[in-house]
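*Asks:* need coordinates for the below:
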Amino acid sequence: MARAHAAGPGERPARHRDLSVGAALTRDEARAAVETGIRVAGELVDAGAGILLTGDMGIGNTTPAAVLIAAFTGVDPAEATGRGTGVDDETYTRKVAVVRAALDRHAPDPRDPLGCWPRSAAWSTPRWPG
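*Replies:* Presented below is the predicted three-dimensional model:
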């Protein structure tokens, strides 16, 4: 299921796909998201910001974050996956299984950080490192 995200100033809305089925983004979409983060960070610093913090309030964002953590660190998905909004044991077990399946299906390569995002994360996540 693809969902549209609200675009920030000067951004085009992007779409992401269900990481349990296929890549969440294309490599070009991931690159565009990183470049957006870089641009926005630069604009904020130029406007006088002394510190930049990132975050996201979306539901479901801790699952792709767990995929990235497990991909980059090599830890077991159960260690990388948290309860997010405080899900019950059954939902947590299913969440860990989704993270494990995404890692198995997409095999994100930690030596290719830009390539990891299309396999695991939505549009908002690659903007953070900007």
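
*Asks:* now do the host helix or strand of residue 29: distance to the chain's middle.
*Replies:* Remark: residue 29 resides in helix 27-46, with elements defined by DSSP states H and E. Centroid separation for helix 27-46 versus its chain: 14 Å, with Cα atoms, centre = their mean, to the nearest Å.

*Asks:* do a quick rundown of the strands in this protein.
*Replies:* Ranges of strands within the chain are 3-4, 15-16, based on DSSP state E.

*Asks:* and those strands, which one is worst for confidence?
*Replies:* Lowest mean pLDDT within the strands of the chain: strand 3-4, at a mean of 38.

*Asks:* quick one: mean pLDDT for the helix holding residue 29?
*Replies:* Taken as a whole, helix 27-46 has a mean pLDDT of 86.

*Asks:* also stretch 79-88?
*Replies:* In the prediction, stretch 79-88 has an average pLDDT of 88.
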